[in-house]
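Trainee: predicted structure and sequence below. I'll ask about it afterward.
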Amino acid sequence: MKHIITLSAAALLLATAAHAEPGKWTDEPVRIVVTFPPGGTSDLIARLLAQYFETEYGQKAVVDNRPGAGGTVAADYVSEQAPDGTTLILGNNAPFTIAPTQFDELPYDPIADFTHIAYLGASTPALFVQPSSGITTLDGYIEKAKGDGITYGSSGVGSITHILGKAVDIELGIEQIHVPYQGSAPAIQDFRAGVLEAYYDMVALNGDLITEGETQPIALAAPERSAKYPDIPTFRELGHDIVIENWTGLSGPAGMDPAMVETINDTVAEIMQMPAVIEQLDTFGVAHTPMESDAFTGFVEGAITTWEPLIKAANVNG
Amino acid sequence: MEILSGFGNGLLVAIEPVNLLYCFVGVFLGTFIGVLPGIGSMAAISMLLPLTFYLEPTSALVMIAGVYYGAEYGGSIASILMNIPGTPSSSITCIDGYPMAREGRAGTALFASAVASFGGGIVGMIVMAVLAPGLAQLALNFGPTEYFAVILLGLVAASAVSNGSPVKGITMVVAGLMLGTVGVDITTGAERFTMGIPEMRDGVHLVIVAMGLFGVGELIVSIRANATGAHQNEIDYAQFYPTRAEWKAMFAPTVRGASIGSFFGALPGTGQTVASAVAYAVEKKVSPAKARFGKGAIEGVAVPEAANNSATQTAFIPTLTLGVPGSASMALVIGALMMYGIVPGPRLLVDHSDLFWGLVASFLIGNLLLLVLNIPLIGLWVRLLKIPYRYMYPTIIVLICVGVYSINNNVFDIWLTLAFGWAGYLMRLFRFEPAPFLIGFVLGPMMEEQLRRAMLLSRGDATVFVTRPISGTLIAITCLILIYAISSTLKARRARQKAQVAGE
């Protein structure tokens, strides 16, 4: 009974201030579907959310890992669930912005079949090269790529780091040799074994290697420099408009109650402001940007269009 | 003597009551999870992850590690008793463990597996304590070229695994390799043999193949045997303690298996399954008892168990010292550590030496606990076989379905397991060996990936395989094995012909 009152109160508030009271939105336990197996950043963020939903707001929540086919298995599953707020997906670029271009047939529509509830934040990839190569600037990198050519590792065909590599190819007018890996960890391992000349990966996951001089960051694909690594220039300030971020956000099946969406959005926004959470996300290199349902939907739509030519250039569809 | 003092300190950390408790919880839960078919350490660790938020990092790590190697212990139990691999890597244990059980030697097989696992665990621990920094460095020097060479070596050794006709053996290796190509090609992103099914894009999961071929296939065979009036195995409960001769036969294979396992465990990306597959293949090549392999050889149980258990310990080397997780479970370990703000990497040994050595020492305690826990339970496990089939089979089918579903939480995988069950049944009917198939399936995709990556990196120059020192050496060894295999086959044939001539 209580949640109905909260909801109607929320609806009232919505009419006046367009903001809901953060809190529990359903008496049923909520499942947060994650597109990866347990252990990755995405999974940890989902578990963090689930924990705070329960301890701070009494909203029972569990994490449900449904990995497979670049997140499309999970997205397909969620799109077919009831839009009652009990099934949510911690989405990212793979099933929502890459898959629509990458796969010929997709069992769902990333916009029409979902309610995009709250954008959480993004981590940024950068270009890294061997310190022994002597290359420290993007110009030096271009020169090397145009001369002897250069091999770079990505975390897989059609992954965000591969797409970034393609964007760099197009924007800088070079042709790097792409060497795909299954995730960034094995790519970094080969890099450290000296067989790989460069790689693209999330900056935050390379903090130790940077400080120990084991890897040389060249340029960051963020709109602005990172507060934690202020020495790394952005592609944009070097005159190349390349911004590709690894975003994550919370979505549900299409047709969710707007009042409930507000409640979830505001609950998530409040959690994301908690110092302990900010600190935790910082270790994953995820910076939070609040973005509500409408803006988030627009963002996903925009990303599909912007990335389409890059994904096609990456020729990931065979 | 930095290692001894480090280990001493670690022992003090590990025997703190709270760590001891979580070590016990870990290995106990691990064994239990391992016995359940298909539900591996992954599922157990991810369920425990939220609990670890409330623990000290060392206790959490000790517990997670306990689950991890405890599952390897438990995994062999279902393999031996029911021919259902409890964990992917114990699918190799099925090959000889189940025939032993059918001969009424289930108790002996379980005992051998427990002792070999213990031996493997201890070897793995020593390797980790003594060689962690060095091995981490070696693993760091392993590029795609070296990986390809070492896997090629394993596959060549594996070609000796088949017992029956060589044609059928090769057919099975090739079939395994072919099944391994299903899914999105890692190098180009092209879909191969997916038939437009999204679930097939990631290929076929090893657990599905193993559970289908061994578990479901075996059930169909048994049901048919029952229908034709065969009897349930008679088991001699008193005899699970191996004979003197069996002890002797087990010793060297355990040491060899543990050494091979330690090596593969420390290489990120290979892991326990590859370790036990290669160890089994090598043992089959060098063992004086090679003719009995696949028919219930105690060595065939000891080797993969020693190998997978030592690999579980050394898997922590790249995980902790390089921050490179060798498997999904190890990725969870890294995730758990990152929750505490501990970044695994070269500095972990220095910055968190208590954690590192506490973990190493906990391996000793955990393995002892497992031995103490498991030996008395052998009688109980064996008694499981006494359960009438009409209760046992439906239970097994349910457990298989639950286990397979738990991998991706996807019903499609259950149907696929059923299909492989029929394939396994047909293979048995026509006497095709599952072992070479499984080994081809495990090693094939990895070999292809590394080969193509090495060629990309060398920009099409194939000579890198012989010019790089580590890979060159490995290729040379592979060639020697091939030459030896061919010449010994020829010699045997000539001897046979001579004997025939003499006989006439």
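Mentor: Perfect, thanks for sending it. Residues are numbered from 1 along each chain as shown, chains lettered A, B, ... in the order given.

Trainee: let me see the ranges of the strands in the stretch 151-300 of chain A.
Mentor: Using DSSP state E, counting those that start in this stretch, the strands of the stretch 151-300 of chain A run over residues A:151-154, A:177-180, A:198-202, A:216-220, A:246-253, A:287-291.

Trainee: dump the residue contacts of residue A:192.
Mentor: By Cβ atoms under 8 Å, 6 or more residues apart in numbering or on different chains, the contact list for residue A:192 reads A:209, A:214, B:140, B:322. C-beta here means a position set from N, CA and C on the backbone, and glycine is covered the same way.

Trainee: typo on my end, residue B:64
Mentor: Listed by Cβ under 8 Å, 6+ apart, the contact partners of residue B:64 are B:26, B:45, B:48, B:52, B:332, B:333, B:336.

Trainee: then residue A:190?
Mentor: A:153, A:179, A:181, A:196, B:143, B:144, B:453, B:457.

Trainee: ditto for residue A:70
Mentor: By Cβ under 8 Å, 6+ apart, the contact list for residue A:70 reads A:35, A:94, A:95, A:98, A:99, A:102, A:158, B:201.

Trainee: counting neighbours, what do you get for the third one?
Mentor: A total of 28 residues lie near residue A:95 under the criterion other Cβ atoms under 10 Å in any protein chain shown.

Trainee: hmm, back to that, in helices, which of the contacts of residue A:70 fall?
Mentor: Secondary structure from DSSP state H places A:99, A:102 of the contacts of residue A:70 in helices.

Trainee: three-state assignment of the single nearest residue of the stretch 151-300 of chain B relative to chain A?
Mentor: The nearest approach of the stretch 151-300 of chain B to chain A comes at residue B:189, 3.4 Å away (Cβ to the nearest Cβ). At residue B:189 the chain is in coil, as set by DSSP: H, G, I helix; E, B strand; the rest coil.

Trainee: measure it to residue B:201 for me?
Mentor: According to Cβ to Cβ, to the nearest Å, residue B:189 stands 10 Å off from residue B:201.

Trainee: ok, now which ones touch the residue nearest to the residue of the stretch 151-300 of chain B closest to chain A when sequence neighbours are not counted?
Mentor: Nearest in space to residue B:189, with sequence neighbours left out and distances taken as Cβ to Cβ, 6 or more residues apart in numbering or on different chains, is residue A:157 at 3.4 Å. By Cβ under 8 Å, 6+ apart, residue A:157 lies in contact with A:180, A:314, A:316, B:184, B:185, B:186, B:187, B:188, B:189.

Trainee: and the pLDDT at residue A:157?
Mentor: Residue A:157 is assigned 84 on the pLDDT scale.

Trainee: likewise residue B:49?
Mentor: The model reports residue B:49 with a pLDDT of 68.

Trainee: go on, residue B:331?
Mentor: With respect to pLDDT, residue B:331 scores 71.

Trainee: over to residue A:103?
Mentor: The model's pLDDT for residue A:103 equals 81.

Trainee: burial count for it?
Mentor: Neighbour tally, residue A:103, other Cβ under 10 Å: 19.

Trainee: before we move on, back to that, ok, of the contacts of residue A:157, which come out buried?
Mentor: Buried members of the contacts of residue A:157, scored by 16 or more other Cβ atoms under 10 Å in any protein chain shown, are A:180, A:314, A:316, B:184, B:185, B:186, B:187, B:189.

Trainee: phi, psi of the fourth one?
Mentor: Note on residue B:184: backbone dihedrals following degrees, to the nearest 10 are phi -70, psi 130.

Trainee: my guess is it contacts residue B:199. True?
Mentor: No - look at residue B:184 against residue B:199 with Cβ atoms under 8 Å: they stay out of range, at 11.8 Å.

Trainee: okay, and the common contacts of the two?
Mentor: Joint contacts of residue B:184 and residue B:199 (Cβ under 8 Å, 6+ apart) are residue A:69.

Trainee: distance of residue A:38 from chain B?
Mentor: Distance from residue A:38 to chain B, counting by Cβ to the nearest Cβ, to the nearest Å: 3 Å.

Trainee: what are the phi and psi angles of that residue?
Mentor: With angles defined as degrees, to the nearest 10, residue A:38 sits at phi -60, psi 150.

Trainee: and the residue of the stretch 151-300 of chain B closest to chain A, what's its pLDDT?
Mentor: Reading off the confidence values, residue B:189 has pLDDT 77.

Trainee: residue B:470 now?
Mentor: Note on residue B:470: pLDDT of 84.

Trainee: element containing residue A:88, please.
Mentor: Using DSSP states H and E, the element containing residue A:88 is strand A:87-92.

Trainee: just checking: what are the partner strands of that strand?
Mentor: Sheet partners assigned to strand A:87-92 using DSSP bridges are listed as strand A:30-34 (parallel), strand A:246-253 (antiparallel).

Trainee: which SSE is immediately downstream of it?
Mentor: Downstream of strand A:87-92, the next assigned helix or strand under DSSP H and E is helix A:93.

Trainee: for that following helix, give me every contacting residue.
Mentor: A:160, A:246, A:247, A:303, A:307.

Trainee: again, only using 6 Å
Mentor: For helix A:93, the surrounding residues in contact (Cβ atoms under 6 Å, 6 or more residues apart in numbering or on different chains) are residue A:160.

Trainee: sorry, back to before: save the strands paired with strand A:87-92 as CSV, and put in mean pLDDT, mean neighbour count and distance to residue A:281 too.
Mentor: Formatted as CSV, the strands paired with strand A:87-92 follow (pLDDT from 0 to 100; neighbours: other Cβ atoms under 10 Å in any protein chain shown; distance: least, Cβ to Cβ, whole Å):
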stretch, mean pLDDT, mean neighbour count, distance to residue A:281
strand A:30-34, 93, 23, 16
strand A:246-253, 93, 24, 10
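
Trainee: of all the ones you listed, which one is nearest residue B:16?
Mentor: Counting by Cβ to Cβ, residue B:16 lies closest to strand A:30-34 out of these; the figure is 34.2 Å.

Trainee: next one: whatever helix or strand comes next after that closest one to chain centre, how far?
Mentor: Downstream of strand A:30-34, the next assigned helix or strand under DSSP H and E is helix A:41-57. Per Cα atoms, centre = their mean, to the nearest Å, the displacement of helix A:41-57 from the mean C-alpha position of its chain is 17 Å.

Trainee: for helix A:41-57, give the mean pLDDT please.
Mentor: Taken as a whole, helix A:41-57 has an average pLDDT of 90.

Trainee: before we move on, back to that, most surrounded residue in the contacts of residue A:190?
Mentor: Result: residue A:153 is most packed of these (other Cβ under 10 Å), 30 neighbours.

Trainee: how close does the residue lying closest to that residue once chain neighbours are set aside sit to residue A:272?
Mentor: Spatially, and ignoring its direct neighbours in sequence, residue A:153 is nearest to residue A:187 (3.4 Å; Cβ to Cβ, 6+ apart). Distance, residue A:187 to residue A:272, by Cβ to Cβ: 30 Å.

Trainee: follow-up on the earlier one: restrict the contacts of residue B:64 to those near chain A?
Mentor: Residues of the contacts of residue B:64 in contact with chain A (Cβ under 6 Å from any Cβ of the partner chain): residue B:332.

Trainee: which of the contacts of residue B:64 sits closest to chain A?
Mentor: The nearest member of the contacts of residue B:64 to chain A, counting by Cβ to the nearest Cβ, is residue B:332 at 3.8 Å.

Trainee: for the stretch 351-500 of chain B, give me the ranges with low pLDDT.
Mentor: B:385 (pLDDT under 70).

Trainee: what residues does it put near chain A?
Mentor: With Cβ under 6 Å from any Cβ as the criterion, the stretch 351-500 of chain B meets chain A at residues B:408, B:409, B:453, B:456, B:457.

Trainee: try it again with 10 Å
Mentor: B:406-410, B:412-413, B:449, B:452-459, B:464, B:468 (Cβ under 10 Å from any Cβ of the partner chain).

Trainee: and those, which of them are in helices?
Mentor: Counting by DSSP H, the part of those found in helices is B:406-408, B:412-413, B:449, B:452-457, B:464.
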